[in-house]
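Peer 1: below are the sequence and a predicted model for it; my questions follow.
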Amino acid sequence: MGRKVFQDFAHVMCQKFIESPSNLDLVMLAILGSGRLELDILAGRATHNGTGTKPLPFSASWLAWVKERMAASEIPESLLKSASLRVEYDVELSRSPMGMLACQFKFACTSLVEAPDKKYTATMKAEKGICLTVYL
């Protein structure tokens, strides 16, 4: 049962990042610009193009979801050895007809979830267009 759950964690990591990022996640990606984002979720670290940066809110959100699932499945948290996400992305910025900041993202995500006996990976590619709400 644990193997199926850990593979699901890897798949859902990519899926959640692409399909339901927070507005703040997307604003941070737009500010950082195109490149490679690497999230070490368990360690609470992130890099963009090899330079350290603040982790996206996505990291804490995904980790909370995983911990809830592990508790519900009675899987000890100690079995989650690592969780990371690498996102290669391009972002194009423009203005919407109403003057809002519009972003077109192209994502290629690779997740890695490691248990004591095995590593689980997943990949996903997608494009996402969105108008961002920025509060200054």
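Peer 2: Good, I have the coordinates. Numbering: from 1, shown residues only.
Peer 1: ok, the residue nearest the centre of the chain - contacts?
Peer 2: Against the mean C-alpha coordinate of the chain, by C-alpha atoms, centre = their mean, the closest residue is residue 17 at 4.0 Å. Listed by C-beta atoms under 8 Å, 6 or more residues apart in numbering, the contact set of residue 17 reads 25, 58, 62, 85, 87, 107, 109. Where you see a C-beta, it was placed from the backbone N, CA and C, and this is true even at glycine.
Peer 1: going by distance to residue 48, which of the residues you listed wins?
Peer 2: For these, the minimum distance to residue 48 (C-beta to C-beta) is 9.7 Å, reached by residue 87.
Peer 1: any idea which helix or strand carries that closest one?
Peer 2: Assigned by DSSP states H and E, residue 87 belongs to strand 82-95.
Peer 1: what's the pLDDT at residue 1?
Peer 2: Note on residue 1: pLDDT of 47.
Peer 1: next one: residue 72
Peer 2: For residue 72, pLDDT reads 93.
Peer 1: repeat for residue 51
Peer 2: At residue 51, the model reports a pLDDT of 97.
Peer 1: fine by me, thanks again.
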